[in-house]
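Engineer: Below are the sequence and a predicted model; questions follow.
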Amino acid sequence: MSNSQRYLYGALLLFLFPALAGALNHLVKTADTLYSLSQEYDVPISWIMRVNELENPMIHPGQILDIPSDDIVVIAVRPGDTIYGLALEFGVDATDIRRINNLRTDVIAIDEKLEIPLPAAEGEYRVLPGDTLLGIAHRHDTSAKRIKLYNNLEDDVIYPGQTLTIAPPRPEEHRVREGESLWTIARRYDLDIESLQGWNHLRDEMIRPGQLLALFPGMRDWQPETDPPVLLATAAIQKPQHDAVLTREKMPSDGEYYFSAPQKTSQPNASYWESADDSAAVDFERARRIWDDFFDEAKKLSSIGRSLRGWHIVLDPGHGGLDPGAIIPVADGDGNPVVITEDEYAYDISMRLARVLIRHGASVDFTVLAPDHQIRNSINARHTFVHRKNEVYNDREHNKNIAWRPVGTIEGLDLRKTIASRSIAKASSAARRQGTLFIAIHADNSADLPDGKAVLFDGDNAKELAASQELAAVIAQHLGTSSFLRQQSLRVLKNNPADAAVLVEARNIHYPQSAWALRSDRLREQDALMICEGILAWARRH
């Protein structure tokens, strides 16, 4: 085949197959060299050779080369390759390579295909699939609010491939010095005078020495805030003398348990469980006291806003009692086996979500309560929450007269809706004047679903289905780039007493990386904050 024939053939292929994932197609011309292509596309020669699996730098006219241009390129592992070596070669973080390829170790195999994220400029970060604003902020030791300010983002919605400024090329603020003008300051930081005036609420260009000027939009209206404080059961509950059911009270044994603590420090295997020490009636009174103290302490925390005032939200922690949900054996960072019990972690996320909802002004109640703990942290990486069958329904009369604990039967699911209905009826008109929501919190274990947060909706009629689907769609938009929603037949969402009801699968623990992430208290806090952002967005629309 002549060069001209090869060129025409290559052009035809380029027309029929315009692009490959993660690369831009280039039809090699006679004068092209790898060096000239690297200069033209601003890509290192080694990258072009890697992506095209070239053994040497020789290229030929008519050849079609993939030029790395998108956010992710795919390479084949060669003998001698290591995760750290690839990170150095492509100028990215080894952690990002592991994360995007779902690698639990640094072991890679020859010819294995790996996705490599292309680096962003210094001080920037290119969003990867599955990223969230809170997760990015945590990894870069900053806050989501700062990233939003630096990038002029109105909400937490980000998308793969988006480039975010993490460390801006200028300070957040500038203190005016003697002899400076708004014009000289704008020129110094490569800004325009109108932006400086708008960001600092200036009516004219008059400034004075010592004045502090914001160099980013919204900075003047924002007060830096640390991560929400963790509310732990660190202080013993004082035994009320008038309440006979608390006479067998035990002091917390490790700072995070009231009344009684698990016999084990960690879940030893998938079949292990501990029964309740007392009756459902006793455990209910203990659980209510713990919940009431938690609610009072949460209200004492600084208010975040009033956006949810007038909304009554019933949280339904998944499973509990006789029903543990999914019990998943996984491995820690050293390959040692650990076991995760869904209901224990779903309850923790629910408590964290309750705390932030209360700080936004919402009225919050639970369908199921735990009689021995509030929020718990993951202090020791080897310890996992122990499966205790002591949770109770949040209903005094049921626990006193009927006394069966949470169970995943039709009767058990219907009781959750009955409790929600009673909670809504008991809430004051002011507490529910805007509306009512029902949010169930679970951690999925489904091999047939992707590794992402899911929001499930259902309904018994068109009106109920539409409200549930709309709430699911709004919340899903705030759960990260890999989140999704789907309709699923769920009894707890049919004929639900709330104005809108959904079930949130905070993690799909079928996937090892998600099971491992569920064990991180910081990531559970992030999950709660993201769900709250979705609820806030819903409230703004209604």
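Structural biologist: Yep, it's here. If you're wondering where the values come from, they're calculated on a predicted model, not measured in any experiment.
Engineer: contacts, neighbours, all on C-alpha from now
Structural biologist: OK.
Engineer: What residues sit buried inside stretch 29-40?
Structural biologist: Neighbour-count burial for stretch 29-40, counted by 16 or more other Cα atoms under 10 Å, picks out 29, 33-34, 37-38.
Engineer: before we move on, what about stretch 376-386?
Structural biologist: Applying 16+ other Cα under 10 Å to stretch 376-386 flags 376-377, 382-386 as buried.
Engineer: picking that back up, present the buried residues of stretch 29-40 as TSV; the columns should include distance to residue 123, secondary structure and pLDDT.
Structural biologist: As requested, those are exported to TSV (distance: Cα to Cα, whole Å; DSSP: H, G, I helix; E, B strand; the rest coil; pLDDT from 0 to 100):
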residue	distance to residue 123	secondary structure	pLDDT
29	36	coil	89
33	32	coil	84
34	29	helix	83
37	26	helix	86
38	23	helix	80
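Engineer: circling back: pick the one among the buried residues of stretch 376-386 closest to residue 142.
Structural biologist: residue 377 (21.1 Å; Cα to Cα).
Engineer: and residue 528, how many neighbours does it have?
Structural biologist: 24 (other Cα atoms under 10 Å).
Engineer: What helices and strands are in contact with the helix or strand it falls within?
Structural biologist: According to DSSP states H and E, residue 528 maps onto helix 521-541. Judged by 3 or more Cα pairs under 8 Å, 6 or more residues apart in numbering; DSSP states H and E, helix 521-541 is in contact with helix 133-139, helix 342-359, helix 462-476, helix 512-518.
Engineer: Could I get the average pLDDT for it?
Structural biologist: Helix 521-541 carries an average pLDDT of 89.
Engineer: I'd like the numbering to begin with 38 instead of 1 from here.
Structural biologist: Okay, using 38 as the starting number, the last item reads as helix 558-578.
Engineer: so how many other residues sit close to residue 381?
Structural biologist: Neighbour tally, residue 381, other Cα under 10 Å: 24.
Engineer: next one: phi and psi at the nearest residue to it once chain neighbours are set aside?
Structural biologist: Nearest residue to residue 381, sequence neighbours excluded (Cα to Cα, 6 or more residues apart in numbering): residue 422, at 6.3 Å. With angles defined as degrees, to the nearest 10, residue 422 sits at phi -60, psi 140.
Engineer: again, but for the one 5 residues further on
Structural biologist: Backbone torsions for residue 427, taken as degrees, to the nearest 10, come to phi -110, psi 0.
Engineer: Nearest spatial neighbour of it, chain-adjacent residues omitted?
Structural biologist: residue 313 (4.6 Å).
Engineer: Would you mind measuring from that neighbour to residue 324?
Structural biologist: 13 Å (Cα to Cα, to the nearest Å).
Engineer: and if you look at residue 460?
Structural biologist: To residue 324, residue 460 is 16 Å away according to Cα to Cα.
Engineer: More neighbours: the two, which one.
Structural biologist: residue 324 (26 against 21).
Engineer: Quick check: pLDDT value at that one.
Structural biologist: 94.
Engineer: correct me, but it touches residue 408?
Structural biologist: Yes - assessed by Cα atoms under 8 Å, residue 324 is found in contact with residue 408 at 3.9 Å.
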